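Engineer: Everything below, folded, please.
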Amino acid sequence: MQEHSNRVRHLGKTIVFVPTMGFFHKGHLSLINEGRKLGDELVVSIFVNPVQFGPGEDFESYPRDIDRDIGLAQKEGANIIFIPDKKELYPQRFQTHVNLKELPNHLCGLSRPALFSGVATIITKLFNIVKPHVAIFGKKDYQQLVIIRQMAFDLNFDVKIVGVSTAREPDGLAMSSRNSYLTDKQRVYALSICKSLKKAQELLESGINDAAKIIESASKLIKSYPETVIDYIAICDPETLVDIKRIDRQALMAIAVKVGNTRLIDNIMLNPNT
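Structural biologist: Purely as a prediction, here's the structure:
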């Protein structure tokens, strides 16, 4: 992979990179499709990264279908599909990890402490292997996107980080590989998440800008559905992820909820009337 990237760069071509954990849905394909527009050589990686999963999380059961993913990526125009081996990326004596000081201490980082060190480490490694000019990430994993942007800035990676809007099902549910875990009934219960986000924007437009009141409304709506357990509901600054009390500027509203045993996340930008 490194040798191929060196050749491509030597020819003066632009490498665009879409790192994924596979089991593609339309959200992944939208990232690949966007990547095709932004450069000459489109590289898609598929790697379920073990170091970003904590004890008791779903690393072993995480959905995988490599053959289907390869076919879909090729159909969308990927030039290279990079599927590294775990033993190559994390050899026996591996001991280096990338950690950020502040951004992981919010949202998903509070309940999944291993997550963002694992994400920052694997993305650093993949950037060094693929050597992209542009890298593309989905905004559904908004905290991940902010962390990768900060990491790229702090460590002087010469990579442009591009965020792509969340892909949704027709009924509003954010697309996720983990949606495949849901039963038919749980799939309906999961709609409480996107419905609460939509209601939050409606409340803001009606003149309610107290973050606590909007969070309370979202919590009440989600809890009205069976099999839902809220991990967090937060309204925060889009850059620092620090909670805000009053929405007097653009704010991120982010939610994590367990529906049955499946943890789902979603977010929107709340925009007050100006």
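
Engineer: In this structure, what residue spans correspond to strands?
Structural biologist: If you assign secondary structure with DSSP state E, the strands in the chain sit at 15-20, 41-46, 80-82, 134-138, 160-164, 228-236, 251-259, 262-270.

Engineer: Mind putting the ones you listed into CSV with mean pLDDT, mean neighbour count and distance to E60?
Structural biologist: The C-beta positions use only the backbone N, C-alpha and C, and glycine is treated the same way. Shown next, in CSV, are these (pLDDT from 0 to 100; neighbours: other C-beta atoms under 10 Å; distance: least, C-beta to C-beta, whole Å):
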stretch, mean pLDDT, mean neighbour count, distance to E60
strand 15-20, 98, 25, 18
strand 41-46, 98, 25, 17
strand 80-82, 98, 18, 23
strand 134-138, 98, 23, 24
strand 160-164, 98, 18, 29
strand 228-236, 98, 18, 21
strand 251-259, 98, 23, 18
strand 262-270, 98, 20, 15
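
Engineer: could you dump these to a markdown table with distance to A200?
Structural biologist: Below are the strands of the chain laid out as a markdown table (distance: least, C-beta to C-beta, whole Å):
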| stretch | distance to A200 |
| --- | --- |
| strand 15-20 | 29 |
| strand 41-46 | 34 |
| strand 80-82 | 39 |
| strand 134-138 | 21 |
| strand 160-164 | 21 |
| strand 228-236 | 8 |
| strand 251-259 | 5 |
| strand 262-270 | 6 |
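
Engineer: which one of the ones you listed lies closest to I215?
Structural biologist: Shortest separation from I215 across these is recorded for strand 228-236, at 4.9 Å, computed as C-beta to C-beta.

Engineer: what residue ranges in this structure score low on pLDDT?
Structural biologist: Within the chain, the stretches with pLDDT under 70 are 274.

Engineer: mind giving me the domain split of it?
Structural biologist: Using automatic domain parsing, the domain parsing of the chain gives 2-164, 177-270.

Engineer: how about the ones you listed in TSV, adding distance to D171?
Structural biologist: Formatted as TSV, the entries for the domains of the chain read as follows, by distance: least, C-beta to C-beta, whole Å:
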stretch	distance to D171
domain 2-164	14
domain 177-270	6
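
Engineer: give me every residue that touches K245.
Structural biologist: Shown in contact with K245 (C-beta atoms under 8 Å, 6 or more residues apart in numbering): D210, A211, A212.

Engineer: Over to it: give its phi and psi.
Structural biologist: phi -90, psi -30 (degrees, to the nearest 10).

Engineer: Same question for the one 5 residues further on.
Structural biologist: Note on Q250: backbone dihedrals following degrees, to the nearest 10 are phi -60, psi 140.
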